[in-house]
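Colleague: quick one: sequence plus predicted model below, questions after.
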Amino acid sequence: MTYVYRSIALLLALTVVASPLTAHAEWGDLNMPVGVTELSKEIHSLHMTIFWWCVAIGVFVFGWMIWSLVAFRKSQGAEPDVTMTHSTKAEIIWTVIPVVILVIMAIPAARTLIAIEDTRDTELSIKVTGYQWKWHYDYLGKDVKFFSKLDRTSDETRQLNSGLDPHAVPDYLLNVDNPLVVPEDTKVRVLLTAQDVIHAWWVPQFGMKKDAIPGTVNEIWFKVDAGKTGVYRGQCAELCGRDHGFMPIVVKVVSKQEFATWLAAQQTGATPTVASREPAPSPRG
Ligand SMILES: [Cu+2]
């Protein structure tokens with residue numbers, strides 16, 4: 001047994017040595033963010049459920065393995081069993097148990113997948129079109145549409161030999177001229193498509209990411225929790241050419257009241273954001 005105690009002591013010593021290295025890191029930062037939407041929370045909770053299942057399986061399998069290695073070592077006079085070459089009973093057990101575990105895991109996973117695809121009862125639909133290299137937002141049925149592209153300051157600064165200091169630009173390369181504005185506590189359906197090549201609309205805090213493909217309409221939805229107003233940022237997440245890294249996404253989540261005011265202002269053209277129009281159709285049609 002001295003060997004076992006020595007091993008435990010070594011493990012403890014290693015933990016003590018390693019702890020100052022990890023003390024700085026916020027443990028929560030290592031995990032997937034919870035996000036600010038109904039779906040992102042559901043996805044996070046599924047992720048945690050499966051994570052703890054995996055931890056339990058890992059502890060069981062490695063625990064049993066390590067115990068077997070230690071308890072039945074040669075120095076303790078363990079004799080190998082050379083007669084056992086096949087056991088139908090063992091095979092059935094180690095097949096049935098994992099199958100049962102997978103089926104149990106599939107239940108919450110299927111529930112979440114169904115929720116992700118459920119776009120019923122949406123209160124607002126926005127068509128998002130990816131362009132090289134900007135986004136176009138169209139509030140369906142609201143007569144509000146505009147382009148959203150990298151903000152001018154970032155764009156000027158990023159040019160080769162611009163002589164401008166990127167550190168002096170707030171939210172460098174992460175800001176746009178016209179952010180997408182959506183109300184909190186509202187189920188918003190996003191219809192994704194693209195004009196030229198494949199892009200992907202991704203705001204990590206919203207939990208969902210999907211490709212925007214020319215000739216195809218993909219759907220995602222999000223419902224930002226009440227009280228989670230603010231600015232959320234994202235990126236194009238599908239390599240779409242030279243300026244793929246320069247077409248950020250900014251979503252401004254506001255109260256329902258503020259959204260109604262903003263929408264009305266857009267409709268009457270009171271602010272310049274509606275001035276950006278769709279480009280003329282390409283010669284190919
Ligand atoms: Cu893109």
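Modeller: That came in fine, so what should we check first?
Colleague: list the buried residues for whichever helix in the chain runs longest?
Modeller: Among the segments of the chain that qualify as a helix by DSSP state H, the longest is helix 38-71. Neighbour-count burial for helix 38-71 flags Glu38, Leu39, Ser40, Glu42, Ile43, His44, Leu46 (criterion: 16 or more other C-beta atoms under 10 Å). C-betas here are computed from N, CA, C, even on glycine.
Colleague: surely Ala78 touches Phe72?
Modeller: Yes: using C-beta atoms under 8 Å, Ala78 is in contact with Phe72, at 4.1 Å.
Colleague: quick one, phi/psi of Val190?
Modeller: Dihedral angles of Val190 (phi, psi; degrees, to the nearest 10) stand at phi -110, psi 120.
Colleague: any idea how far the closest residue to the ion within the stretch 51-200 of the chain is from Leu164?
Modeller: The ion sits closest to His199 of the stretch 51-200 of the chain, with a gap of 3.3 Å, by C-beta to the ion. Separation of His199 from Leu164 (C-beta to C-beta, to the nearest Å) stands at 27 Å.
Colleague: sorry, back to before: isn't the residue of the stretch 51-200 of the chain closest to the ion up against Lys209?
Modeller: No: if you go by C-beta under 8 Å, His199 and Lys209 don't touch, sitting 11.1 Å apart.
Colleague: more neighbours: these two, which one.
Modeller: His199 (30 against 16; other C-beta atoms under 10 Å).
Colleague: OK, contacts around the more buried one?
Modeller: Gly130, Tyr131, Asp211, Ala212, Cys236, Glu238, Cys240, Met247 (C-beta atoms under 8 Å, 6 or more residues apart in numbering).
Colleague: which of these ranks first by neighbour count?
Modeller: For the contacts of His199, neighbours tallied by other C-beta under 10 Å; top is Ala212, 28 neighbours.
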